[in-house]
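Trainee: Could you look at this predicted model? Sequence included:
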Amino acid sequence: MTETELRPATPDDADWIVKMHGALYARDEGFDDSFPALVAEIVAAFFADHDETCERGWVAWREGQRLGCIFCVRQDDRTAKLRLFLLLPEARGLGLGRRLLAECMGFAQTKGYAGMQLWTHESHRAACALYARTGWRLLSSVKAHSFGMDVTEQHWAYEF
């Protein structure tokens, strides 16, 4: 098997990131079209105005195919925010999620952030288990109605 390469995200990846988030979350979670619309806003804002000195995105590639992505963005001077973490189903269970997360967290730490935060949903059990195994702390779980669904939103934090 060919090794998976983590490449810096570029504007050429934007459509794929939005499309895959929309398709997978609709299929797996039942999310409506407001979810890929939110992802499109996040991606557009990142590529229009991110600070390369303290923000970065990565896309995992193998054999000419994108397999996943993750982004580190500035929340404030001390805190980075993990965003847009996604793995295609065929890439799950291979350690790629751990690798993407480690790359993102390592970047944040080397850029001087004191910690990281993220927002997710309780239904993303594999991702939440990965966060817990790697030292993230669950800050809150709140019932909400988002993306056409009743969900439980979660906020997680990590301190370096």
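Mentor: Perfect, I can see it now. These figures come from a predicted structure and were not determined experimentally. Numbering: from 1, shown residues only.
Trainee: contact partners of stretch 110-127?
Mentor: Residues outside stretch 110-127 that contact it (CB atoms under 8 Å, 6 or more residues apart in numbering): 29, 53-54, 72, 75, 78-83, 85, 92, 97, 105, 108, 128, 131, 136, 139, 141, 151-160. C-beta here means a position set from N, CA and C on the backbone, and glycine is covered the same way.
Trainee: So which other helices or strands are in contact with whichever strand or helix holds Phe35?
Mentor: According to DSSP states H and E, Phe35 maps onto helix 34-49. The contact analysis (3 or more CB pairs under 8 Å, 6 or more residues apart in numbering; DSSP states H and E) places helix 34-49 against helix 14-29, strand 79-87.
Trainee: That one vs strand 79-87, what angle?
Mentor: Angle of helix 34-49 versus strand 79-87, following axes from the mean of the first three to the mean of the last three CA atoms, to 10 degrees, is 130 degrees.
Trainee: Tell me the gap between helix 34-49 and the middle of its chain.
Mentor: In terms of CA atoms, centre = their mean, to the nearest Å, the centre of helix 34-49 is found 13 Å from the chain centre.
Trainee: got the contact list for it?
Mentor: Helix 34-49 is contacted from outside by 9, 11, 14, 17-19, 21-22, 25-26, 55, 57, 71, 73, 83-84, 146-148, using CB under 8 Å, 6+ apart.
Trainee: now with 7 Å?
Mentor: Identification of contacts with helix 34-49 by CB atoms under 7 Å, 6 or more residues apart in numbering yields 11, 14, 17-18, 21-22, 25, 57, 71, 73, 83-84, 147-148.
Trainee: remind me which residues of the protein are low pLDDT?
Mentor: Applying pLDDT under 70 to the chain flags residues 1.
Trainee: Can you show me the helices along it?
Mentor: 14-29, 34-49, 96-110, 125-133 (DSSP state H).
Trainee: residues near Cys54, how many?
Mentor: By other CB atoms under 10 Å, 16 other residues sit near Cys54.
Trainee: nope, Leu100 is what I meant
Mentor: A total of 26 residues lie near Leu100 under the criterion other CB under 10 Å.
Trainee: for it, what are its contacts?
Mentor: Neighbouring residues of Leu100 by CB under 7 Å, 6+ apart: 6, 58, 60, 68, 70, 85.
Trainee: Please produce a ChimeraX select command covering the buried subset of the contacts of helix 34-49.
Mentor: A single ChimeraX command selects the buried members of these (16 or more other CB atoms under 10 Å):
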select :14,17,18,21,22,25,57,71,73,83,84,147
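Trainee: Tell me the spacing between the residue nearest to Pro11 when sequence neighbours are not counted and Val59.
Mentor: Counting by CB to CB, 6 or more residues apart in numbering, Pro11 lies nearest to Phe47, which is 4.8 Å off, once chain neighbours are set aside. Applying CB to CB, to the nearest Å, the value for Phe47 to Val59 is 13 Å.
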